[in-house]
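Visitor: Pasting a predicted model and its sequence here:
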Amino acid sequence: MMMKVKQNRKGKRKNGFYKDTGGFSTTFDIFLFLIMISISAMILLPSITGNTQIKSALESKSQENSGDTLLTLLNGKVYEFEYIVAGDQLDAVAGPLNNSPVFTTGKKIIAGKELRHKTFSDIAAENAAVQWVIYYNGTRTQLNFMMTNYSNSSKSIMKNYLDEQIGDRYGYNFTVLWRPFTGVPIGGDLDIGEPVPDNAYVESAYITMPYHIVISRKQVEDIIENNFNNSRFGNFSFTLEELKNNESARNVIEMEISNKINNIINDTVDDSVDLIVDQKLGPVLDESRNKMIEDVNGLLLDSETSFNQEINDGINNTLNNVSADLSGTMADKLKDYLKVAAKEEIQAATGEEIRSFSTELADMYVNNAITIVEAKDRIIIEVFSRININRAQATLSLWEKRK
């Protein structure tokens, strides 16, 4: 379902502590639309809403119907909450101005956002989507540091919602795990509630993420052909035929196939990262921030540190303090960092799996259990199983409270 965004275009004000907020507001409407607040990411779940259904499901709680409660909670409405875009960064550069009512009012006018009538699942998905956390080289790096205020505010409102709906009677834990590249610690996660005991009822469901990135089958087929065309044994068909024609080189051929499949997965990850950054993150990072910085600096007239410097310092610290040799635009830095981190983690996590997969594929082809076309289909399925950008897993655990 697609919805239209009404952009707030305010005229120039005479107040001395901020300038024309029209461009700034529009910039952040685009910012939130393109990156985080997906108004087209409607959760593909039944339309079960309202406290009556929640209470009814809880009254008849069992392992079989625990999913009813999860679906009901996901579709419940959170009526409103507020947050400040780049709120933590604004506070950092404001210094003593933080205590000024003029600053507080201006901050809300320029960067404040209020969301109304969002489903719980939308907010949960968006919370995970805004993070862009990378666990890499023993560090936890949150690339989208400008939305930490949103993450904290939305997590707080979700906890309040769960407390009101189920917290009076049940202990609970609600998690969302988003890994755009399967098994790779890149993405976002959310954990609300207490540690889960062994006797908890657990149910999971997939929720739609506000990233609609599509890697087509044709793209993966082209990546397969391009990789195997550089094989020492020829193209994809010739490489598989060599398995039958040169039994003594079986291990060498299998290793070649395994390496090529790893390269195919890596190339697909590269294409996915390019799409995410080019279509979602890049336009904002490289083009839209200047107007936002200008307006915020107008608010912070007495601050010794400009918001532009605060943002640049944050980006450089985020991307450069992880032993990454990066250059170019902000979008280029983001692409390079994501690609390096993702591919290293994929190689570490899936190297043995791909080797086993290649052996099984070779066995099936040599024994005439599959054709060349079917072998390629299996590789395509394997590649797509590693790319999971558009959905996250939500899990609800419930248990009776001790009286």
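Guide: Arrived safely, thanks for sending.
Visitor: can you pull out the helices in the stretch 251-400 of the chain?
Guide: 282-283, 289-299, 307-320, 330-366, 372-384 (DSSP state H, counting those that start in this stretch).
Visitor: Between these, which has the poorest mean confidence score?
Guide: Among the helices of the stretch 251-400 of the chain, helix 289-299 carries the lowest mean pLDDT, a mean of 47.
Visitor: in the strand or helix carrying Leu177, what's buried?
Guide: For Leu177, the element it lies in under DSSP states H and E is strand 170-178. Buried positions in strand 170-178, judged by neighbour count with 16 or more other Cβ atoms under 10 Å: 170-176, 178. Where C-beta positions appear, they are placed from N, C-alpha and C, glycine not excepted.
Visitor: Pull that strand out as CSV, backbone CA atoms only.
Guide: In CSV, the C-alpha atoms belonging to strand 170-178 read as follows (Å, rounded to 0.1, in the frame of the first residue of the first chain):
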residue,chain,number,x,y,z
TYR,A,170,2.8,-11.6,31.9
GLY,A,171,6.6,-11.4,31.8
TYR,A,172,7.7,-10.7,28.3
ASN,A,173,10.6,-10.2,25.9
PHE,A,174,10.2,-8.7,22.5
THR,A,175,13.0,-8.8,20.0
VAL,A,176,13.5,-7.7,16.4
LEU,A,177,16.5,-8.9,14.4
TRP,A,178,17.3,-7.5,11.0
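Visitor: Give me the packing partners of that strand, helices and strands only.
Guide: Based on contacts counted as 3 or more Cβ pairs under 8 Å, 6 or more residues apart in numbering; DSSP states H and E, the elements that strand 170-178 packs against are helix 120-131, helix 148-162, strand 186-193, strand 391-400.
Visitor: what's the shortest one in contact with?
Guide: With Cβ atoms under 8 Å, 6 or more residues apart in numbering as the contact definition, strand 186-193 has outside contacts at 124, 127-136, 155, 158-159, 162, 171-181, 338, 341-342, 345, 392, 397.
Visitor: which among the residues you listed end up buried?
Guide: Neighbour-count burial (16+ other Cβ under 10 Å) is assigned, among the contacts of strand 186-193, to 124, 127-134, 136, 155, 158, 162, 171-176, 178-181, 338, 341-342, 345, 392, 397.
Visitor: average model confidence for stretch 167-187?
Guide: 87.
Visitor: re the thing from before, can you give me the angle the strand holding Leu177 makes with helix 120-131?
Guide: 50 degrees (axes from the mean of the first three to the mean of the last three Cα atoms, to 10 degrees).
Visitor: Describe which strands strand 170-178 pairs with in its sheet and in which direction.
Guide: Sheet pairing of strand 170-178 (DSSP bridges) gives strand 186-193 (antiparallel), strand 391-400 (antiparallel).
Visitor: Report the buried residues of stretch 178-192.
Guide: 178-181, 184-190, 192.
Visitor: now, among the buried residues of strand 170-178, which is nearest to Lys244?
Guide: Minimum distance to Lys244 across these is 42.8 Å, recorded for Trp178 (Cβ to Cβ).
Visitor: Which segments of this protein make up each domain?
Guide: As assigned by automatic domain parsing, the chain contains the domains 22-212+389-400, 217-288+311-384.
Visitor: hey, least reliable of those by pLDDT?
Guide: For these, mean pLDDT drops lowest on domain 22-212+389-400, to a mean of 65.
Visitor: is Gly234 in a bridge, and if so with what?
Guide: Per DSSP bridges, the residues bridged to Gly234 are Ser231.
Visitor: can you count the residues close to it?
Guide: By other Cβ atoms under 10 Å, the residues close to Gly234 number 14.
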